[in-house]
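**Q** Coordinates only, no sequence provided:
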């Protein structure tokens, strides 16, 4: 059975630890974190350590740590024989400081401490320097998820950029929606079905086809009224996105 | 039993007609549309007409037509004794040209021809000039949906503005995500679970609390790298939204 060491104690590390501990096809042998307190709650289920020199020999080492620490930590464990992977969307595989057996295991999802998630439907993007290691990562990924993709470092960087648009920026637009509701004594929950349907629609319609609203139909009268209702802060966003929709053309649909 | 005339043949009109025809508590007595062909498929289920002079007397007239036509059409049926309502998010109740019995019946959702929707969870915003008519609208709305809200014209205008942010603008960000995927031979479906989870999260977390990403953690290095990867077209959007997130503060959480 595949043996695994997981390094990290943040949100993703916690979710991944839970799912690995509950998976039958692999053995999460040890968890490392700089601060032992953050992984103390796993003590009864596996070995924990805050000392890199105490790492056991396992088949895979999964670095679930901040981007900024990946280079340094991978250098410190570069002598290990197992496959070393990071879980970052932004960094190339080559940031790993060991020689041959390196790869990436990137679950493409937003993780909050407060919310449990099934890994079943989370796309896992894998990459490895050696074909045999890609096979190993594929076996591991399919244990956890139905959606496994071979994605190279350049593509992953682009996915990370796209994720900023469809997750971080979208979330900020939700935030503006909430502010407008709060200011006018409207419960924000009233927007929730619209928010979810807009997201679900992407399963069946390309976003360009799904586009509606005053900008799409070039309804300049409504656009002017809306702008006059916006605070200065959000008027810039209204204008930039409205102009972009007006200018946009379907690409290859 | 409440009798209803529905005027219109577009997306919302079609969805509403279907749900009214299938509801036990009311009787959709007639549908009007300027072009009879667009409502011909309902001919076996109720009366149809393209002549406003042929409208029967019913308890309620629902104008499910373009904003620009509401004033004119409501003037033409202003002599009717029943309650006249429009279904527009953007227009005040007062745009209706009859005297006393007027109101608004606004289902807050995005409707596509291609996709069937259950009305159960669609928020319906109601307003009426007279308390008794508000009661009538409340009875009708609760026949169709579990979520009924009393919303005045000013609030509805603000909801419509908020909807542009959380629906139209969000959809354009999805569109940018798809373009980035297409350009880099990445299947767009890879972003779907992230898109849906970001939306679902709003059920349990306020958007300000849910915010993650380079802008939220003021990771200027990643922000610069991302900007260099953006086409000119989307760099403006990246910059405006990143700046907004950096500046944003929690309001009343």
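**A** That came through fine. Model, not experiment: these values are computed from the prediction.
**Q** what's the first-to-last distance across stretch A:21-29?
**A** One end of stretch A:21-29 sits 9 Å from the other (C-alpha to C-alpha, to the nearest Å).
**Q** can you list the residues that contact that stretch?
**A** A:1-6, A:17, A:20, A:42, A:45-47, A:56, A:58, A:139-140, A:143-144 (C-beta atoms under 8 Å, 6 or more residues apart in numbering or on different chains). C-betas here are computed from N, CA, C, even on glycine.
**Q** Select only the buried ones of these in ChimeraX?
**A** Selection of buried members from the contacts of stretch A:21-29 for ChimeraX, criterion 16 or more other C-beta atoms under 10 Å in any protein chain shown:
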select /A:2,4,5,6,17,20,42,46,58,140,143,144
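**Q** Quick check: buried residues in the helix or strand hosting residue A:243?
**A** Per DSSP states H and E: residue A:243 is located in helix A:232-247. Neighbour-count burial for helix A:232-247 flags A:234, A:237-238, A:240-242, A:244-245 (criterion: 16+ other C-beta under 10 Å).
**Q** same for it, what does it pack against?
**A** Where contact means 3 or more C-beta pairs under 8 Å, 6 or more residues apart in numbering or on different chains; DSSP states H and E, helix A:232-247 is packed against helix A:170-183, helix A:220-229, helix B:170-183, helix B:232-247.
**Q** between those helices, which one is nearest to residue A:130?
**A** helix B:170-183 (27.0 Å; C-beta to C-beta).
**Q** which other helices and strands contact that closest one?
**A** On a contact count with 3+ C-beta pairs under 8 Å, 6+ apart, helix B:170-183 meets helix A:153-163, helix A:170-183, helix A:192-200, helix A:207-210, helix A:232-247, helix B:232-247.
**Q** Give me the mean pLDDT for it.
**A** Helix B:170-183 shows a mean pLDDT of 98.
**Q** Work out the gap between it and the centre of the chain.
**A** Chain-centre distance of helix B:170-183: 22 Å, with C-alpha atoms, centre = their mean, to the nearest Å.
**Q** in stretch A:54-72, what counts as buried?
**A** A:55, A:58-65, A:67, A:70.
**Q** Just the residues contacting it, thanks.
**A** The contact list for stretch A:54-72, computed with C-beta under 8 Å, 6+ apart, reads A:2-8, A:10, A:12-13, A:16, A:29-30, A:32, A:47, A:49, A:73-74, A:77, A:80-88, A:90-91, A:95-97, A:105, A:136-137, A:140, B:222.
**Q** ChimeraX command to pick out the buried ones of those?
**A** Buried residues among the contacts of stretch A:54-72 (16+ other C-beta under 10 Å), as a ChimeraX selection:
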select /A:2,4,5,6,7,8,12,13,16,29,30,32,49,73,74,77,80,82,83,84,85,86,87,88,90,91,95,96,97,105,136,137,140 /B:222
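**Q** Out of the contacts of stretch A:54-72, which sit inside strands?
**A** A:2-7, A:29-30, A:32, A:47, A:49, A:83-86, A:105 (DSSP state E).
**Q** now the residue lying farthest from the centre of chain A: how far from chain B?
**A** Residue farthest from the centre of chain A, counting by C-alpha atoms, centre = their mean, is residue A:221 at 39.4 Å. From residue A:221 across to chain B, the span is 9 Å (C-beta to the nearest C-beta, to the nearest Å).
**Q** how far does stretch A:139-146 sit from the chain's center?
**A** So, by C-alpha atoms, centre = their mean, the centroid of stretch A:139-146 is 16 Å from its chain's centroid.
**Q** Residue A:99 reaches residue A:78, doesn't it?
**A** Yes. Applying C-beta atoms under 8 Å, one finds residue A:99 in contact with residue A:78, separated by 7.3 Å.
**Q** and the two? which has more neighbours close in?
**A** Neighbour count, other C-beta atoms under 10 Å in any protein chain shown: between residue A:99 and residue A:78, residue A:78 has more, with 13 against 10.
**Q** was I right about that one contacting residue A:98?
**A** Yes. Under the criterion of C-beta under 8 Å, residue A:78 makes contact with residue A:98 at 3.9 Å.
**Q** list residues touching both of those two?
**A** In contact with both residue A:78 and residue A:98: residue A:84, using C-beta under 8 Å, 6+ apart.
**Q** ok so, going back, out of the buried residues of stretch A:54-72, flag the one nearest to chain B.
**A** residue A:67 (7.9 Å; C-beta to the nearest C-beta).
**Q** Give me the distance between that closest one and residue A:8.
**A** To residue A:8, residue A:67 is 12 Å away according to C-beta to C-beta, to the nearest Å.
**Q** State the pLDDT value of residue A:44.
**A** pLDDT, read off for residue A:44, is 97.
**Q** Isn't residue A:73 up against residue A:80?
**A** No. Checked against C-beta under 8 Å, the pair residue A:73 and residue A:80 is beyond contact range at 11.5 Å.
**Q** Break chain A down into its domains, please.
**A** A:2-151, A:156-247 (automatic domain parsing).
**Q** Dump those domains to CSV, plus distance to residue B:124.
**A** Output for those, formatted as CSV (distance: least, C-beta to C-beta, whole Å):
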stretch, distance to residue B:124
domain A:2-151, 29
domain A:156-247, 10
